[in-house]
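Colleague: Fold the following and give me the result.
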Amino acid sequence: MALDYLRQAVYGKNINSEYVSGHGSAPKPVKEDEWKSFDKQFFGDMSGGFTLVETSAEDMAKIEELLEVKPGFFTSPYVIKTKKECCEKCGRRNNFLDVVTTGLRVHKPAFLIDVFSGKFGHILNSQEHQVCVCYGCGTQLPVDAAKYSAPKPCTGSQKPRACYRWNF
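Modeller: Now for the predicted structure:
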């Protein structure tokens, strides 16, 4: 039921499990071992000209402010995997703040908090041509500017609060 709500919020229509099985690009829950496998690929494969950009502490704090959560909601910063490190218009360094800002154009903060906190499980959004806009100037970023995002793996006994990966 919760996953159906997530799909409806993302696509604006009712998308059931049958649709998801026939369309690989719908947001879907993945098991923890699949999630860890994506982590290994995400952080280990830089082929194709990709680079990793970690979202700064200042921008993570801005994300928490925009989502109206207490400081420290995210136990680790998010990282994006990109071919375009900076916005071509304003020069701002691309990061997860752009992804969240874009999400807030469509969703309420409470919904994004539910997704990031794991209410729907580990979610993999593999939609191929998702728009992302620059937080600084509002310009739509090139397709390969924020191609992937994931929470940075935590160290020690820390567990990441966020359970959402944008991966295509």
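Colleague: Go through the chain and flag its longest helix.
Modeller: helix 32-44 (DSSP state H).
Colleague: Residue 124 and residue 41 touch, don't they?
Modeller: No: contact criterion C-beta atoms under 8 Å: residue 124 and residue 41 do not qualify, at 11.8 Å. No exception for glycine: its C-beta is placed from N, CA and C like everyone else's.
Colleague: Which one of those two is surrounded by more residues?
Modeller: residue 124 (21 against 12; other C-beta atoms under 10 Å).
Colleague: Return the list of strands paired to the regular element (helix or strand) spanning that one, each annotated with direction.
Modeller: Element membership for residue 124 (DSSP states H and E) is strand 122-125. The pairing partners recorded for strand 122-125 under DSSP bridges are strand 28-30 (antiparallel), strand 164-167 (parallel).
Colleague: between those, which gets the lowest average pLDDT?
Modeller: Confidence, taken as mean pLDDT, is least for strand 164-167 of the strands paired with strand 122-125 (a mean of 48).
Colleague: Just the helices from the chain, written as ranges.
Modeller: Using DSSP H, the helices assigned to the chain run over residues 2-11, 17-22, 32-44, 57-66, 96-104, 109-116.
Colleague: buried sites along the longest helix of the chain?
Modeller: Buried positions in helix 32-44, judged by neighbour count with 16 or more other C-beta atoms under 10 Å: 35, 38, 39, 42.
Colleague: that older thread, may I have the strand holding residue 124 exported as PDB, CA atoms only?
Modeller: Coordinates of each C-alpha in strand 122-125 appear next as PDB, following Å, rounded to 0.1, in the frame of the first residue of the first chain:
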ATOM      1  CA  HIS A 122      15.200   0.900   0.200                       C
ATOM      2  CA  ILE A 123      13.900   2.600  -2.900                       C
ATOM      3  CA  LEU A 124      15.700   2.600  -6.200                       C
ATOM      4  CA  ASN A 125      14.500   5.200  -8.700                       C
END
